[in-house]
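**Student:** coords below, sequence missing:
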């Protein structure tokens, strides 16, 4: 699976989880999950490499209850390895 497809799958999963994904200019910050009022946002620095974007999205989504949703095996593996490295 290509990296662009992985990002697309991760973004769709985030949307299913009620997370609004935003790509912004953020200087030296990478991004992360943020709750504003009653909404959950995932901010991602536009200038990150595609690999770094995948890692950031996977790291943040892995903290949520994503296991009740269908996830392609390649993406599931990334999410599970992200969760293990955080534990």
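**Tutor:** Everything's here; your move. All of these numbers come straight from a predicted model, not from anything done at the bench.
**Student:** in terms of secondary structure, what does the lowest-mean-pLDDT helix or strand in the chain contact?
**Tutor:** Every helix and strand of the chain was ranked by mean pLDDT, DSSP states H and E. The lowest is helix 73-86, at a mean of 84. Under the contact definition 3 or more C-beta pairs under 8 Å, 6 or more residues apart in numbering; DSSP states H and E, helix 73-86 sits against helix 3-16, helix 50-61. Every residue, glycine included, has its C-beta placed from N, CA and C.
**Student:** which of the ones you listed sits most buried?
**Tutor:** helix 50-61 (a mean of 19; mean count of other C-beta atoms under 10 Å).
**Student:** mind giving me the packing neighbours of that one?
**Tutor:** With contacts taken as 3+ C-beta pairs under 8 Å, 6+ apart, helix 50-61 sits against helix 3-16, strand 31-36, strand 39-45, helix 73-86.
**Student:** so for that helix, mean pLDDT?
**Tutor:** Mean pLDDT, helix 50-61: 96.
**Student:** and the angle for it with helix 73-86?
**Tutor:** Per axes from the mean of the first three to the mean of the last three C-alpha atoms, to 10 degrees, the angle that helix 50-61 makes with helix 73-86 is 70 degrees.
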